[in-house]
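*Asks:* Quick check, what structure comes out for this input:
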Amino acid sequence: MATDETRLLMLIDNEPAQSRFVSTLAAREGWRTQVVGSGAEGIERLVAPEGADIHAVLVDQRVPGEDACELIREIRSARPELPILMLTASTSPLLAVEAMRSGATDYLIKPVGPDRLLAALRSAARVEAQRNELQPMSEKMPAVLEFDAMVGTAPPFRTALAKAATAARGHGHVLVEGESGTGKEMVLRAMHATSTRAKTPMKLVACGAMPATSLESLLFGHEKGAFAGAFDRQTGLLELCDGGTLILDDIDRMDLPQQERLADVIQNGIVRPTGAAHGFKIDVRIFASSDLPVEELVAAGEFSPRLFTALSATRIHLPALRDRLGDIPALTRYFLSKIGDQPGLIHHSIADSGLTLLEAYDWPGNVRQLQAVLFRASVFEQREALTAHSFPQLSQLLGDSPDRGESRARGLGVILYTDDGNLRPLEEIEADIIRLAIGHYRGRMTEVARRLGIGRSTLYRKLSELGIDNAA
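*Replies:* Now for the predicted structure:
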């Protein structure tokens, strides 16, 4: 049998160049790749005795074409626990939904970046991947580009947004830090959209998604013949963004020599392509992000002190979702609204039991993971309301009765739905709201009536009709 160091990936693909690309990347994560040219051959290998050694399948949708989802169903039937990744050039949400319903565990859009593919393989490699990673299965929804429209009222989050909005109107470089999935790219895009450079060129580079040599040419450019393989001159993004903004995502993953070269450009305002005899004067504003605290990386000798100084005049920290749990209900309803707009999906509400599960989890993948979990639940739930049963992975992780104490302390104690997803009778909901108000205002009935927008006599009549003790 394959060991953890020799996991076996079956790649269903008939394009040699792409097969080599995937095989090379997979090897970085300890995978051996077995390439088959058709779905029929793949099924034959899976059901054979040696098929037990296969730990994941990556299907290029182009090979089976319109029958890709049927092939995924066959693979899922043959190996129910096997991670199945689908690679496609299509951005159709309908295809993403159908692939998920057929049994795909991840959905990759071509051209897929090395980082995205490696993340999918890491997830597939972990025994608990399907229970807690819940990778996104659709393209990102359109980013919010207005700070006031961003969802969340937690003080650390609003403080970060206020700082970002102020910095956007300035002219200096900005560094945004925070764990993966906290919304750094969204904030940086919003900063450009609300800055004085909003109408000028803007480019975003994922620094960890390409080899160092490719990133260097992309940023700084190169002359024809500057190195082996430089058949043409390439204009770097620093030059292309002259007068505009360059967003460097995951700048902490840039090599130190390139960090030093970038620090020179910021200090001198001159970029010189590799192999060029002279440089070009530029005016570029740089917004950078890092998953890790850059100051700690500098102290450890893993980040350029000069670049850190150049970027850190404005530093913004985005809090993890576990540090803003009170925002989960609003974020959940926002995402469900956007997910419901996708073709092939419906608008779902969230039942109290479902919200309890979401609030009880610590969300290592932060807001991005919450969106992925809600997307997955929306794909498979046919009822109008998402309940605890809509989140089997979280239920398995947290148990059937996670602690609701923190939820109730935030005022979310009125249960709107029964466990089967149906609304409770209006009379029961009304009684709960009145009880909640009496407790919140410590039995001051005049204040209770005023806050509920009814007269005292109406309030006492309802107490009598609903059988509520006014000392509740």
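
*Asks:* which residue sits closest to residue 339, ignoring its sequence neighbours?
*Replies:* Nearest in space to residue 339, with sequence neighbours left out and distances taken as Cβ to Cβ, 6 or more residues apart in numbering, is residue 378 at 4.9 Å. Just so you know, the C-beta spots here come from the backbone N, C-alpha and C atoms, and that holds for glycine as well.

*Asks:* Tell me which helix or strand comes right after the lowest-mean-pLDDT helix or strand in the chain.
*Replies:* The helix or strand of the chain with the lowest confidence, counting by mean pLDDT, DSSP states H and E, is helix 129-132 at a mean of 40. Later in the chain than helix 129-132, the nearest helix or strand by DSSP states H and E is helix 155-168.

*Asks:* list the helices and strands that following helix packs on?
*Replies:* The criterion is 3 or more Cβ pairs under 8 Å, 6 or more residues apart in numbering; DSSP states H and E, and the helices and strands that helix 155-168 contacts are strand 174-177, helix 184-193, strand 314-317.

*Asks:* helix or strand for the residue positioned nearest the centre of the chain, which one?
*Replies:* In the chain, the residue lying closest to the centroid (Cα atoms, centre = their mean) is residue 368, at 2.6 Å. Counting by DSSP H and E, the element that carries residue 368 is helix 366-380.

*Asks:* can you list contacts of that helix?
*Replies:* Contacting residues not belonging to helix 366-380 are listed as 97, 100-101, 133-138, 141, 179-183, 320-321, 328, 331-332, 335-336, 339-340, 345-346, 348, 354, 358, 363, 365, 386, 390-391, 393-394 [Cβ atoms under 8 Å, 6 or more residues apart in numbering].

*Asks:* Same check on stretch 166-180?
*Replies:* 164, 184, 187-188, 190-192, 194-196, 251, 266, 285-294, 308, 310-320, 365-366, 368.

*Asks:* Now do the end-to-end distance for that stretch.
*Replies:* From its first residue to its last, stretch 166-180 covers 23 Å (Cα to Cα, to the nearest Å).

*Asks:* please begin residue numbering at 28 from this point
*Replies:* Fine by me, first position is 28 from now on; the one you just mentioned is stretch 193-207.

*Asks:* Give me the buried positions along that stretch.
*Replies:* Neighbour counts over stretch 193-207 (16 or more other Cβ atoms under 10 Å) mark 194, 195, 200, 201, 202, 203, 204, 205, 206, 207 as buried.

*Asks:* can you count the residues close to the nearest residue to residue 100 once chain neighbours are set aside?
*Replies:* If the residues on either side of it in the chain are set aside, residue 100 comes closest to residue 129, at 4.8 Å by Cβ to Cβ, 6+ apart. Residue 129: 18 surrounding residues under other Cβ atoms under 10 Å.

*Asks:* thinking residue 129 is in contact with residue 101, fair?
*Replies:* No - look at residue 129 against residue 101 with Cβ atoms under 8 Å: they stay out of range, at 9.3 Å.

*Asks:* if we can go back for a sec, any idea which of the helices and strands packed on helix 182-195 is most buried?
*Replies:* Most buried of these, by mean neighbour count (mean count of other Cβ atoms under 10 Å): strand 201-204, with a mean of 25.

*Asks:* Quick check: neighbours of that one in the sheet, parallel or antiparallel?
*Replies:* Applying DSSP bridges to the sheet, strand 201-204 is found paired with strand 312-317 (parallel), strand 341-344 (parallel).

*Asks:* which stretches of the stretch 228-377 of the chain form strands?
*Replies:* Per DSSP state E, counting those that start in this stretch, the stretch 228-377 of the chain carries strands over the ranges 229-233, 248-249, 261-262, 272-276, 297-298, 307-308, 312-317, 341-344, 376-377.

*Asks:* Output the contacting helices and strands for the fifth one.
*Replies:* Contact here means 3+ Cβ pairs under 8 Å, 6+ apart; on that basis strand 297-298 packs against strand 307-308.

*Asks:* cool, and the third one?
*Replies:* For strand 261-262, the packing partners by 3+ Cβ pairs under 8 Å, 6+ apart come out as strand 248-249.

*Asks:* quick one: the strand it packs on to chain centroid distance?
*Replies:* Distance of strand 248-249 from the chain centroid (Cα atoms, centre = their mean, to the nearest Å) equals 32 Å.

*Asks:* hang on, the earlier thing: which one of the buried residues of stretch 193-207 is nearest residue 229?
*Replies:* Ranked by distance to residue 229 (Cβ to Cβ), these are led by residue 195 at 12.4 Å.

*Asks:* Under the pLDDT cut-off, which ranges of this protein? List them.
*Replies:* 28-32, 153-172, 426-449, 466-467, 469, 496-499 (pLDDT under 70).

*Asks:* Recalculate using a threshold of 50.
*Replies:* The model of the chain has pLDDT under 50 over residues 28-31, 154-167, 431-439, 498-499.

*Asks:* how's it carved up into domains?
*Replies:* What automatic domain parsing lists as the domains of the chain is 31-159, 174-344, 349-436, 453-493.

*Asks:* Determine how far the third one lies from the middle of the whole chain.
*Replies:* Looking back up the chat, that one is domain 349-436. The answer for domain 349-436 is 14 Å, by Cα atoms, centre = their mean.

*Asks:* Hmm, residue 114 is touching residue 86, no?
*Replies:* Yes - when contacts are counted by Cβ under 8 Å, residue 114 is listed as touching residue 86 (6.8 Å).

*Asks:* Now list whatever residues contact both of the two.
*Replies:* The contact sets of residue 114 and residue 86 do not overlap (Cβ under 8 Å, 6+ apart).

*Asks:* Now residue 481: phi and psi?
*Replies:* phi -130, psi 160 (degrees, to the nearest 10).

*Asks:* how close does residue 123 get to residue 369?
*Replies:* Using Cβ to Cβ, to the nearest Å, residue 123 is found at 8 Å from residue 369.

*Asks:* out of those two, which sits in the more crowded spot?
*Replies:* The neighbour comparison of residue 123 against residue 369 (other Cβ under 10 Å) goes to residue 123, with 26 against 18.

*Asks:* you'd agree that one is up against residue 129?
*Replies:* No - using Cβ under 8 Å, residue 123 is not in contact with residue 129, being 10.8 Å away.

*Asks:* Give me the buried subset of the contacts of stretch 193-207.
*Replies:* For the contacts of stretch 193-207, buried by 16+ other Cβ under 10 Å: 191, 211, 214-215, 217-219, 221-222, 278, 293, 312-319, 321, 335, 337-339, 341-347, 392-393, 395.
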